[in-house]
Every structure is written in structure tokens, then in C-alpha cells.
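*Asks:* Predicted model, plus sequence, below.
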Amino acid sequence: MSFLPNIVGAHLVFEDEGRVLLGLRPPDALFAANVWHVPAGHVERESARACAVREAGEELGITVAEPDLELVHIVHLLDADDAVPRLQLFFRVHRWHGEPQLMEPDRCVEWRWWPLHALPDPTVEYTVAALEGMTHGRPYTDLGWLR
């Protein structure tokens, strides 16, 4: 077996009264066009928590502090046989300052709060898996891997 790097994604789970914040991706998006997804981004040369904080500001105009993030679910994803594996980290946000705004309209056309038990269709598959896992207290999901 050979070494293969994985891409790491940091995802933010904002909850309010049983609802979760999702953004609708634009129709011309390279990933998940016209599909709902939590705020997220690729970890660059930074910690996953630092990435989540950065993305909250860049995507939503919201201020989040690293201590207010709790790792609640991990998805290890292989989209296709020839795809680069992805490790998706989901952080529950316990406190934040500000209200969601459209900061990057080329990446998200709308932010909306959805009941956790009634997510919109379509929602990114691995996001649904993470939210369901989180709700049921499961810390890990793998998707797309051959067994």
C-alpha cells in the first residue's frame, strides 16, 4: 500500500433552537452546485480550528473563537476510486458574534436555518451523514471506501 495524502476540511455546525445553518451553493459551483452545505473550507497551512475560525469570518462575517469550537464528527470520504481522500472535521460552534451574511456570493447564494430533522433536498451527502452521526452521538463515519 502506498502513501496518499488526504485533503482536510473544517466544517462549522451552527445550531439554534434545533436548527442548523446551511448555505446554498451557486449553480456554477465546481463542487455541489445547487446543493445545501454547512460553512466549510480546506485547511491550509493552519490548524483545523484556525481554519474554521477563518472560514466563519470569510463566508459569514461571523466572529468565532477557537475555544468555542467542539469537534463533534469526522467523515473520511472517498468520492471516487481516483479521487483524493478527504478527512472532513465537523466543529459545533458554541458561541459566536454576528449574524450570517453573504460574504462570498460566488460560493454561496443564500444562508438559511433548517430543522435538523428536516434538512433540505439536496444537501451534501457527507454533511447529512455527519449531522445524523452527530445527532446520534457517533463520532465517525466513512463514505465511499471499499470494504
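*Replies:* Sure, I can see it. The model shown is predicted, which means the values in this text are computed figures rather than measured ones. Numbers count the residues shown, from 1 in each chain.

*Asks:* For the spatially most central residue of the chain, give me its contacts.
*Replies:* Taking Cα atoms, centre = their mean, the centroid of the chain lies closest to residue 11, which sits 3.1 Å from it. For residue 11, the contact set (Cβ atoms under 8 Å, 6 or more residues apart in numbering) comprises 38-40, 52, 88-91, 127, 130. (Glycine included, C-beta is placed from N, CA and C.)

*Asks:* cool, residue 89 as well?
*Replies:* 8-11, 48, 71, 73-74.

*Asks:* Where does it fall, secondary structure wise?
*Replies:* Using DSSP states H and E, residue 89 sits in strand 86-93.

*Asks:* Return that strand as CSV; C-alpha atoms alone will do.
*Replies:* Extracted in CSV, the C-alpha atoms of strand 86-93 (Å, rounded to 0.1, in the frame of the first residue of the first chain):
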residue,chain,number,x,y,z
ARG,A,86,-10.8,13.7,2.3
LEU,A,87,-10.9,13.9,6.0
GLN,A,88,-13.9,16.2,7.0
LEU,A,89,-13.9,17.6,10.5
PHE,A,90,-17.2,19.0,11.9
PHE,A,91,-17.0,21.5,14.7
ARG,A,92,-20.0,22.5,16.7
VAL,A,93,-19.9,26.3,17.4
